[in-house]
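>>> pasting the structure only:
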DNA sequence: GTCTATAGGCCGATAGAC
DNA sequence: GTCTATCGGCCTATAGAC
């Protein structure tokens, strides 16, 4: 890819190494631990290269977010297109490994204006895709829009998975097993209703 | 109060000023923006006083958390003891102003070992108090333990309010009004069942 | 595209005078 | 209990050689 903001040549692999190192540090120690020096150290480079390739740290974070989001968008689209989008969505958002980075971005967005806009925009985009699909399958599954609107169900699922991951990260586990079991029971009940003869 | 870890005399008011300044910065700019110099500036003191009174920054955070928790414990106990604990718990945890600091502490706990233990401990303590009360009122309200266990309902409420606040902080509002309306509807339905003749 | 050098700043924490 | 002075460290970012 020759789409680098500056130069072309052999920069793609360096850029990738820098982004990889940034993601790694964010996951392991949080966004606050990301500095041009630490990133460069982990990538085996000089810290100035980080600035050469990405400019400010905010731009680095944004570039990482965009790369992350491209990958996530594929997984998300696949989940929504699957035979059982409700379960796929749950499993996608309840996947601890993938969600840690996402949570760091949210924390980052909380205090970096430049990041906030981007995160808010894409979060709302995902939400509306999710609600559209849930809305469609809810009809088939006999979930009444009056009792449980699609956007409410969507929000509940996202909120629940996020809370499970956040709490697990700080070492809280009370009620987690019960919560996961409950979701599982509900998903199975819907599946039984959806395909009783398979 | 002469319960300061170091010295007594006139230190209580200085300690309070330092804790107030710390809380203010955390709320406005996040825990990462807290430094002994910034805290001291805002309190009109020298940064060295922060270390004199609290030692390390981790100890400062812990002291603030303990003070915060003492206040919160009172409000929480009052909510659980009220005539309608479910609604009171919802209103307490959905109160944006109060919860911002709490979210900062969770973010902080995510990457500071010393804080993590304390947060985890008190989070689980609150959770178990909540579940006990919900368990009790659920019976009266006709919520079946099989359909919706108390710890699941508790988790759902906490997760939902936390997600609403987190998302609002980064500027996401999609589905929020519907979510709040849904909770309101459910609470009212339960209240109607609980006190039909009042 | 990568290097060295460096400016300029904020940080935690301690020592010692008063 | 509060002050001044200060050490040593890590940070972002830029300038200029190669």
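Arrived safely. Treat the numbers as computed from the prediction; the structure is a model and nothing was measured.
>>> Can you give me the neighbour number for residue A:77?
11 (other C-beta atoms under 10 Å in any protein chain shown). Any C-beta I mention is one placed from the backbone N, CA and C, and that applies to glycine too.
>>> Contacts (any at all) between DNA strand D and the helix or strand harbouring it?
Using DSSP states H and E, residue A:77 sits in helix A:57-81. Yes: interface with DNA strand D: helix A:57-81 contributes A:57, A:58 (C-beta under 7 Å from any atom of the strand).
>>> pLDDT of that helix, averaged?
Throughout helix A:57-81, pLDDT has a mean value of 97.
>>> At the geometric centre of chain A, which residue do we find?
Of all residues in chain A, the one closest to the mean position by C-alpha atoms, centre = their mean is residue A:102, 4.2 Å from it.
>>> helix/strand/coil for that one?
helix (DSSP: H, G, I helix; E, B strand; the rest coil).
>>> Next, see if the lowest-mean-pLDDT helix or strand in chain A gets close to chain B.
The weakest-scoring helix or strand in chain A, judged by mean pLDDT, DSSP states H and E, is helix A:96-109 (a mean of 91). Yes: Helix A:96-109 is in contact with chain B by C-beta under 8 Å from any C-beta of the partner chain, via A:106, A:107, A:109.
>>> The first one and residue B:172 touch, don't they?
No: counting by C-beta atoms under 8 Å, residue A:106 stays clear of residue B:172, with 9.4 Å between them.
>>> Between the two, which contacts overlap?
residue A:119 (C-beta atoms under 8 Å, 6 or more residues apart in numbering or on different chains).
>>> The helix or strand containing residue A:151 packs against which elements?
Taking DSSP H and E as the definition, residue A:151 sits inside helix A:150-170. Counting by 3 or more C-beta pairs under 8 Å, 6 or more residues apart in numbering or on different chains; DSSP states H and E, the packing neighbours recorded for helix A:150-170 are helix A:85-93, helix A:96-109, helix A:113-141, helix A:176-194, helix B:96-109, helix B:113-141, helix B:150-170, helix B:176-194.
>>> Show me which parts of the shortest one are buried, residue by residue.
What that stands for is helix A:85-93. A:85, A:86, A:87, A:88, A:89, A:90, A:92, A:93 (16 or more other C-beta atoms under 10 Å in any protein chain shown).
>>> and what of the fourth one?
Going by neighbour count (16+ other C-beta under 10 Å), the buried part of helix A:176-194 is A:178, A:179, A:180, A:182, A:183, A:190, A:191.
>>> quick one: the residue lying closest to the last one once chain neighbours are set aside and DNA strand D, what's the gap?
The reference is to residue A:191. Spatial nearest neighbour of residue A:191, excluding adjacent residues (C-beta to C-beta, 6 or more residues apart in numbering or on different chains): residue A:84 at 6.6 Å. Note on residue A:84: its distance to DNA strand D, by C-beta to the nearest atom of the strand, to the nearest Å, is 43 Å.
>>> Then residue A:146?
51 Å.
>>> One more: residue A:176?
Taking C-beta to the nearest atom of the strand, one finds residue A:176 at 34 Å from DNA strand D.
>>> wouldn't that residue be in contact with residue A:164 here?
Yes: using C-beta under 8 Å, residue A:176 is in contact with residue A:164, at 5.8 Å.
>>> I'd like to know which of the buried residues of helix A:176-194 is nearest to residue B:13.
residue A:179 (44.6 Å; C-beta to C-beta).
>>> Which residues are in contact with the closest one?
A:160, A:164, B:151, B:152, B:155, B:156.
>>> Is it correct that the third one is in contact with residue A:178?
Yes: if you go by C-beta under 8 Å, residue B:151 and residue A:178 touch, sitting 4.9 Å apart.
>>> Assign residue A:172 to helix, strand or coil.
Classified using three-state DSSP, residue A:172 is coil.
>>> need the buried residues of helix A:85-93 in CSV with distance to residue A:69 and pLDDT, can you?
Formatted as CSV, those follow (distance: C-beta to C-beta, whole Å; pLDDT from 0 to 100):
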residue, distance to residue A:69, pLDDT
A:85, 20, 96
A:86, 23, 96
A:87, 23, 97
A:88, 18, 97
A:89, 17, 97
A:90, 20, 97
A:92, 14, 96
A:93, 15, 95
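>>> Make a markdown table out of those residues and add distance to residue B:123.
Output for the buried residues of helix A:85-93, formatted as a markdown table (distance: C-beta to C-beta, whole Å):
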| residue | distance to residue B:123 |
| --- | --- |
| A:85 | 32 |
| A:86 | 29 |
| A:87 | 29 |
| A:88 | 30 |
| A:89 | 27 |
| A:90 | 23 |
| A:92 | 26 |
| A:93 | 21 |
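>>> okay, the buried residues of helix A:176-194 in a markdown table with distance to residue A:53 next?
Shown next, in a markdown table, are the buried residues of helix A:176-194 (distance: C-beta to C-beta, whole Å):
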| residue | distance to residue A:53 |
| --- | --- |
| A:178 | 47 |
| A:179 | 43 |
| A:180 | 41 |
| A:182 | 46 |
| A:183 | 42 |
| A:190 | 47 |
| A:191 | 47 |
